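S.K.: Provided below for reference: sequence and predicted model.
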Amino acid sequence: MQSRAEFLASLPRRRIAAGALIRDRSGNVCLVEPTYREFWDLPGGTVETDESPHTGCRREVREELGIDREIGRMLCMDWIAPGKDDPHGGLVFVYDGGVVDQPIIDTMITPPEELHGFRFVSVDELGGYLTERNQRRIRHSLTAIGGPVAELG
């Protein structure tokens, strides 16, 4: 008979990431420009082994923007199917990062070894910054602010 440890070791592994949907007073979305990939993304990143997606999101926002934000409710969960570039697949959680005023924006600073910077982008301009999948995720997350959580995949 298989032990519990053997059973747990046999289960699928998935990467988990979490991002924050932070907006300015005009409704523009905060995006960060990674140094290690072509397209921009929401502030956030990989959830560490012993943390929840919600906690990981808050930590990543603090690390990437230098601000400690209360993170709101989950807006979207996106399942990433395994593929040739990602054999395990993953889950991406988007949380409500709220609306920030200019004094908070003025304090934001990005780590130069990880990010080229950040920018608040109008929803109409997302296509110039994001992959199609990330555009879809953000649009569903914006809709979920006033409605049910979006589940994609």
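M.R.: The structure has been received and is ready for your questions.

S.K.: Check the gap between residue 45 and residue 111 for me.
M.R.: Using C-beta to C-beta, to the nearest Å, one gets 11 Å for the distance from residue 45 to residue 111. (Glycine included, C-beta is placed from N, CA and C.)

S.K.: Now list whatever residues contact both of these two.
M.R.: In terms of C-beta atoms under 8 Å, 6 or more residues apart in numbering, residue 45 and residue 111 are both contacted by the residues 63-64.

S.K.: Just the mean pLDDT for stretch 108-122, thanks.
M.R.: Mean pLDDT, computed over stretch 108-122, is 98.

S.K.: Not including adjacent chain positions, what is the nearest residue to the most centrally placed residue in the chain?
M.R.: Nearest residue to the geometric centre of the chain (C-alpha atoms, centre = their mean): residue 19, 1.8 Å. Nearest non-adjacent residue to residue 19, counting by C-beta to C-beta, 6 or more residues apart in numbering: residue 44, 3.0 Å away.

S.K.: is it true that that neighbour touches residue 60?
M.R.: Yes - Residue 44 is within contact range of residue 60, at 4.6 Å (criterion: C-beta atoms under 8 Å).

S.K.: Comparing those two, which residue is more hemmed in?
M.R.: Applying other C-beta atoms under 10 Å to residue 44 and residue 60 shows that residue 44 carries more neighbours, namely 28 against 23.

S.K.: As a check, name the ranges of all strands in the chain.
M.R.: With strands called from DSSP state E, the chain shows them at 15-24, 29-34, 44-46, 74-80, 90-100, 115-121, 150-152.

S.K.: now those in JSON lines, with distance to residue 2?
M.R.: Below are these laid out as JSON lines (distance: least, C-beta to C-beta, whole Å):
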{"stretch": "strand 15-24", "distance to residue 2": "25"}
{"stretch": "strand 29-34", "distance to residue 2": "41"}
{"stretch": "strand 44-46", "distance to residue 2": "30"}
{"stretch": "strand 74-80", "distance to residue 2": "27"}
{"stretch": "strand 90-100", "distance to residue 2": "26"}
{"stretch": "strand 115-121", "distance to residue 2": "44"}
{"stretch": "strand 150-152", "distance to residue 2": "32"}
